[in-house]
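Trainee: Quick one, fold the following:
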Amino acid sequence: MRLNHVTLPATDVEASAEFYRRLGLTQIVAEYPKYARFVSPEGDVTLSLHVSELPTPSAATIHFEVEDVDRAIAELRDAGFEIETEPVDQPYLWREATLLDPDRNRIFVFHAGEMRLNPPWRLTD
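Mentor: Residues are numbered from 1 along each chain as shown. Now for the predicted structure:
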């Protein structure tokens with residue numbers, strides 16, 4: 001089994017679509033006002049937005065891995081994105097920062113490297 005697709009709720013799909021295009025995803029479907037789909041610039045995982053009422057605050061999160069979190073966050077800030085939390089080293093051995101999409105879904109920009117799949121506490125067979 002391979003993770004292929006994630007769908008996020010959005011109250012305004014067009015506004016959220018603009019956010020994700022600016023973030024660097026390539027939009028491949030625009031069925032406004034109800035739906036939009038994107039493909040990641042690296043790999044083939046897709047993300048869609050579907051019009052929905054949202055819980056407040058939203059429990060949805062999405063993670064984008066980059067090689068250099070500090071540089072990526074600086075570039076996002078320079079592009080006009082509001083950064084929620086600055087880059088920080090986490091106890092689970094990831095470096096991450098966060099921003100929010102228009103519906104306050106939390107976006108993590110992180111680097112985990114080998115620790116993403118092989119942390120010291122990984123279960124063994």
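Trainee: Residues touching stretch 21-29, excluding its own?
Mentor: Outside stretch 21-29, the residues that touch it by Cβ atoms under 8 Å, 6 or more residues apart in numbering are 17, 20, 35-41, 46-48, 64, 76, 79-81, 107. Every residue, glycine included, has its C-beta placed from N, CA and C.
Trainee: 7 Å instead, please
Mentor: Residues from elsewhere that reach stretch 21-29, judged by Cβ atoms under 7 Å, 6 or more residues apart in numbering: 17, 35, 36, 37, 38, 39, 40, 41, 47, 79.
Trainee: can you check stretch 79-87 too?
Mentor: Residues outside stretch 79-87 that contact it (Cβ under 7 Å, 6+ apart) are 22, 69, 70, 73, 76, 77, 95, 96, 97, 98, 99, 100.
Trainee: mind checking how far the closest residue to residue 120 other than its chain neighbours is from residue 110?
Mentor: Nearest non-adjacent residue to residue 120, counting by Cβ to Cβ, 6 or more residues apart in numbering: residue 93, 7.9 Å away. As judged by Cβ to Cβ, to the nearest Å, residue 93 and residue 110 stand 11 Å apart.
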